[in-house]
Every structure is written in C-alpha cells, then in structure tokens.
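Participant: quick check, what structure comes out for this input:
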Amino acid sequence: MENPYTDKDFVHQVWEEFPQLAEWHDLDNDVLPIWQLEQFIEAGYHNFDAERKPLYHISKMIEQYAQDNNEPLLATFEKIAKFSYVKERYQEMVKGIPKVWIIADFDDEVIPTDVIIPNSEFLSCSNTNIANVWTVITRGPYGPFGLIAEEYEDGKFRGFFTLNSNVCRYALKVMGQTLDSKFDIQ
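Facilitator: Predicted coordinates for the structure are as follows:
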C-alpha cells in the first residue's frame, strides 16, 4: 500500500521512516470501539480511518494503562478545545503518573496554568505539522506504545495503534525536534 498521508504531515514522516507499516496495513474500523487494550496489544499494529469516538475509546485505555502502571504519558490534542473537554479528568489522572506532556494548539497566552502541576508540562504545537495530530503514547513492557493519528477532515482521523517501540520512539523524536523538547518515554 502507498503512504496514505501527504508529504507535509507528521504521520507521513513516520510512515516514510518505517516502510513495513504499509505491509502491515489492515484497515478494519469495526474493531476500534469494541476491542480492549489487550486485543490492540496482541495485534501489535492496527491502522484505521475513523471518527473521534473510537479514538477516544483507545486513548482512555492507554491513559488508564499509564495510570495503573505508573508510567509517563504524552498526549496531543489537535485543538485547545479538545483538551478543555478532558481537562478535569486529566487533573485527577496526572496525580498518579510520573510525567505527563500535554501538547495542543495553545497560544502562549492560553496555556492552562490552572492545571499545571509538578509532573506535567504543557507545550504548544501552534504553526507546526503536529497541530492536527492526536497522539497518546505511554511506556509498556517493551518500550513506548500508543496511538498516532491525524485529523484530515473535520472529525475524521487516520492513523494507527502500534506496539512497535521503534515507531513510537521515532514519532517522539520527531515531535521533540519540532517542539524543541525531549520526551523521555523510552
């Protein structure tokens, strides 16, 4: 399968670095809302083209894994309003997680200082190719794993879940270079 992402997109960069992702391509959107995290982990890799609700389901499972296992978490929100929707839940959740990076299309003036606590870092991805990205990554038994997707149309996302730590490390590296930051989820 050819790379379904456009040249300037963040997810395109990840696919270009790992050509085997095209070989593993399996687009079955029916499993997204019904699989539990264990089934995604067992599959190891899963592509999708979906609306917001199934991705929210996957995201919450990854966030819960980070919380249950006291692991760091990185979450990107394509718009500040999307973070506002989960802000209260995150205020509670981050208390049990050693480090949390929250990335959104914040303007410097509107980074939500009311939720900054010692283990969280807020970064703005305004004017970058991460501004339309929905990512939730944590550390599992084999290294970082998670959800990497992009909004290509209002409310429509394409991307993948991966257990492949090399793919997630590369995505974290590219994000870090873009945002001049380092994400220690190795």
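Participant: and the residue nearest to the spatial centre of the chain, what are its bridge partners?
Facilitator: Computing the C-alpha centroid of the chain and ranking residues by Cα atoms, centre = their mean puts T135 first, at 1.2 Å. On the basis of DSSP bridges, T135 is bridged to T76, I148.
Participant: that one: what's it in contact with?
Facilitator: 74-76, 103, 146-149, 171, 175 (Cβ atoms under 8 Å, 6 or more residues apart in numbering). For the C-beta atoms, the positions are set from N, CA and C on the backbone; glycine is no exception.
Participant: out of those, who's nearest E16?
Facilitator: Closest approach to E16 among those (Cβ to Cβ): A171, at 12.0 Å.
Participant: what sits against that closest one?
Facilitator: Residues in contact with A171 (Cβ under 8 Å, 6+ apart) are 10, 14, 135, 137, 148.
Participant: helix/strand/coil for N129?
Facilitator: Under DSSP: H, G, I helix; E, B strand; the rest coil, the three-state class of N129 is coil.
Participant: and it, its phi and psi?
Facilitator: Dihedral angles of N129 (phi, psi; degrees, to the nearest 10) stand at phi -80, psi 10.
Participant: the closest residue in space to it that isn't next to it in sequence and Y170, how far apart?
Facilitator: Sequence neighbours aside, F10 is the residue nearest to N129 in space, at 4.7 Å (criterion: Cβ to Cβ, 6 or more residues apart in numbering). The gap separating F10 from Y170 is 11 Å, by Cβ to Cβ, to the nearest Å.
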